[in-house]
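[1] output the structure for:
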Amino acid sequence: MSMWDNLTDDRSKALHWAAVAYGLKRMNERNGDPLRGDSLAAYEQYQAAAREHGFTDADVRKHHAKLAAA
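    Residues are numbered from 1 along each chain as shown. The predicted structure is shown next:
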């Protein structure tokens, strides 16, 4: 089992890491440094894993807001 599998193998982990990746993407964009290359590919993998578990982009954004408020 790879580290990637450990981070996305269940619903709650997939949602959590997709939300973390979403936050990092937003922060980079605000700083004028959008994700590219491997970083963008990793972001897309996390989002795809969340979708495979049935989460929508709105679910990821909502979870990110919850994490940011904590």
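[2] which SS state does residue 35 fall under?
    At residue 35 the chain is in coil, as set by DSSP: H, G, I helix; E, B strand; the rest coil.
[3] just checking, it touches residue 26?
    No - between residue 35 and residue 26 there is no contact under C-beta atoms under 8 Å: 10.0 Å. (Glycine included, C-beta is placed from N, CA and C.)
[4] in what helix or strand does residue 26 lie?
    helix 11-30 (DSSP states H and E).
[5] show me how far that helix is from its chain's centre.
    3 Å (C-alpha atoms, centre = their mean, to the nearest Å).
[6] counting by contacts, list what it packs against.
    helix 3-8, helix 37-52, helix 57-69 (3 or more C-beta pairs under 8 Å, 6 or more residues apart in numbering; DSSP states H and E).
[7] what comes up buried for the second one?
    Spelled out, that is helix 37-52. Within helix 37-52, the residues that count as buried by 16 or more other C-beta atoms under 10 Å are 43, 45, 46, 47, 49, 50.
[8] with the last one instead?
    Of the residues in helix 57-69, those scored as buried under the neighbour-count criterion (16+ other C-beta under 10 Å) are 59, 60, 63, 64.
[9] residues in contact with it?
    15, 16, 18, 19, 20, 22, 23, 47, 50 (C-beta atoms under 8 Å, 6 or more residues apart in numbering).
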